[in-house]
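Here is the input, now give the coordinates:
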Amino acid sequence: MTVDIAALARLARLEISGDELAKLEKEIPEILHFVETIQKADAGKEAKSPEHRNIMRADENPIESGKHTKALLDAAPAREGDRIAVKQVISRKKK
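This next block holds a predicted model:
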């Protein structure tokens, strides 16, 4: 398939450099070929999905809230009050 990229750019009122033109002349036919491949896929058949079932169960022996909190905090390498302290991973700098 031959595509006149320069003509398409003019019609779309896009300014592209010679390097961009060369790159697009290579990439666009590959993209169009991929689209043709996708269009040939048989999309008329519905995929069989497994039966949906509820996997939740009632908690027969619930644990008292906070029962293990002290043991967990004591085992943590660092803490701030009654929270585990961790190293900051994400920067909060504003632009």
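
measure Asn54 to Gln39 for me?
Separation of Asn54 from Gln39 (Cβ to Cβ, to the nearest Å) stands at 39 Å. No exception for glycine: its C-beta is placed from N, CA and C like everyone else's.

So which of those two has more stuff around it?
Gln39 (8 against 5; other Cβ atoms under 10 Å).

ok, now how distant is that one from Lys70?
In terms of Cβ to Cβ, Gln39 sits 62 Å off from Lys70.

for Ile84, same thing?
Per Cβ to Cβ, Ile84 is found 12 Å from Lys70.

repeat for Thr2
For Thr2, the distance to Lys70 - Cβ to Cβ - is 74 Å.

wouldn't Leu24 be in contact with Ile5 here?
Yes - judged on Cβ atoms under 8 Å, Leu24 makes contact with Ile5 at a distance of 4.8 Å.

shared neighbours, these two?
Common contact partners of Leu24 and Ile5 (Cβ atoms under 8 Å, 6 or more residues apart in numbering): Ile16.

Count the residues that sit near Leu24.
Leu24, neighbours per other Cβ under 10 Å, totals 18.

swap in Leu72?
Using other Cβ under 10 Å, Leu72 is surrounded by 10 other residues.

tell me how far whichever strand or helix holds it is from the chain's mean position?
Using DSSP states H and E, Leu72 falls within helix 69-75. Computed by Cα atoms, centre = their mean, to the nearest Å, the chain-centroid distance of helix 69-75 equals 35 Å.
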